[in-house]
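Asks: let's see this in three dimensions:
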Amino acid sequence: MESKGVNIILLGPFPFFKNFGIELNNTLNCEKTWFRNPISSECFQSINKKDLEISIIKLMNYSNRWEKSFSNAYLFKPLNYLCPKDKDFCKNQLNGEIYMFDRDHLNFYGGKILSLPLLNYMQTKSLLTN
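Replies: Next up, the predicted model:
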């Protein structure tokens, strides 16, 4: 791909909420409505950021090496935007809204959160042309 001028952006790991899915398969039933009150406590998940960082260290080491090995390789790190640096815990919600669809997939809101940072990342790396 490098010889053809194709750039590759690898999305780094997303938070993984391993305790999600015991009662619920996804977060579709986590929206508060008049007929769904209260919402299941399983809808709201968190993980200690240090535990999360430890669990992904091998993957991040490999990803960083991969990025440095190719001139057309780029690593975008979603955790920088989904898990605020000033917090000890990473939650599956930002601004009171859940951004995960299930244990490890984003929902529409999660994609929306990352869309502008990803676009800015691509602009910073000169990956977008007019």
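Asks: and the helices in this protein?
Replies: With DSSP state H as the criterion, the chain has helices at 49-55, 57-69, 79-82, 108-124.
Asks: what comes up buried for the first one?
Replies: What that stands for is helix 49-55. Lys49, Leu52 (16 or more other CB atoms under 10 Å). The way it works is simple: take the backbone N, C-alpha and C, and place the C-beta from them, glycine included.
Asks: what do you get for the shortest one?
Replies: Along helix 79-82, the positions that meet the burial threshold by neighbour count (16+ other CB under 10 Å) are Leu79, Tyr81, Leu82.
Asks: show me the contact partners of that helix.
Replies: Residues outside helix 79-82 that contact it (CB atoms under 8 Å, 6 or more residues apart in numbering): Gly12, Pro13, Phe14, Pro15, Leu52, Cys90, Leu94, Tyr99, Gly110, Ile113, Leu114, Pro117.
Asks: per-residue confidence at Lys77?
Replies: Looking at Lys77, its pLDDT is 96.
Asks: contacting residues for it?
Replies: The neighbours of Lys77, taking CB under 8 Å, 6+ apart as the test, are Gly12.
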